[in-house]
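J.: mind folding the following:
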Amino acid sequence: MSTRQGEPQCGYYSGQFWYATDAGNGNGGVRLHTRFKGDNSCLDTYNGGTYDNEVHFVDCGNYSGQLWHFASVNGHVTLWNEFRGNGMCLDIVNGGDRNDRVHLAACGNYTGQILHAW
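T.: Got it, this is the predicted structure:
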């Protein structure tokens, strides 16, 4: 449960149910979707500008920013995409004016990059 005003809480919401579909490119990449957005909307990465390396949903296409890979690190899972490569992992901004925004950052032993699946 969230303790910060206006922050979304975990719950039974379609935007919090994620799934992956095979990208069909033969190298193990997947496209990431939510039930709310559906099969035609994919998680992608901004390239440059104010939101450089942040992620957002756009129409699915043949774009390297939409091709994600799961990596096992010390018993946990991290995510990286083909656009930025395996040195940049999905992460959560901690602090500042972009606090809690999802973005790609240099991979490391950071709690914001560790994903859990049930």
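J.: does the nearest residue to Leu115 once chain neighbours are set aside count as helix, strand or coil?
T.: Among residues not flanking Leu115 along the chain, Val77 sits closest, at 4.5 Å (C-beta to C-beta, 6 or more residues apart in numbering). Glycine gets a C-beta too; all of them are placed from N, C-alpha and C. Following DSSP: H, G, I helix; E, B strand; the rest coil, the label given to Val77 is strand.
J.: just want the most central residue of the protein.
T.: Nearest to the mean C-alpha position of the chain, by C-alpha atoms, centre = their mean, lies Leu90 at 5.2 Å.
J.: how far away is that one from Gly26?
T.: 23 Å (C-beta to C-beta, to the nearest Å).
J.: pull up the pairing partners for the strand or helix carrying Phe57, direction included.
T.: Assessed by DSSP states H and E, Phe57 sits inside strand 55-59. Paired with strand 55-59 in the same sheet, following DSSP bridges, are strand 41-45 (antiparallel).
J.: end to end, how far does stretch 78-94 reach?
T.: Using C-alpha to C-alpha, to the nearest Å, the end-to-end distance of stretch 78-94 comes out at 17 Å.
J.: for that stretch, give the mean pLDDT please.
T.: Average pLDDT, stretch 78-94: 92.
J.: and that stretch, what's buried?
T.: In terms of neighbour count (16 or more other C-beta atoms under 10 Å), stretch 78-94 has its buried residues at Thr78, Leu79, Trp80, Asn81, Glu82, Phe83, Arg84, Met88, Cys89, Leu90, Asp91.
J.: which other residues reach stretch 82-96?
T.: For stretch 82-96, contacts defined as C-beta atoms under 8 Å, 6 or more residues apart in numbering pick out 29, 45, 47, 53, 55, 63-65, 67-69, 71, 78-81, 99-108, 110, 112-113, 115.
J.: out of those residues, which are inside helices?
T.: Assigned to helices by DSSP state H, none of those qualify.
J.: just the buried residues from those, in ChimeraX please.
T.: Those of the contacts of stretch 82-96 that count as buried under 16+ other C-beta under 10 Å are selected in ChimeraX with:
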select :29,45,53,55,63,64,65,67,68,69,78,79,80,81,103,104,105,107,112,113
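J.: coming back round to it: the residue nearest to Leu115 contacts Gln113, correct?
T.: No. Val77 lies out of contact with Gln113 (C-beta atoms under 8 Å); the separation is 9.4 Å.
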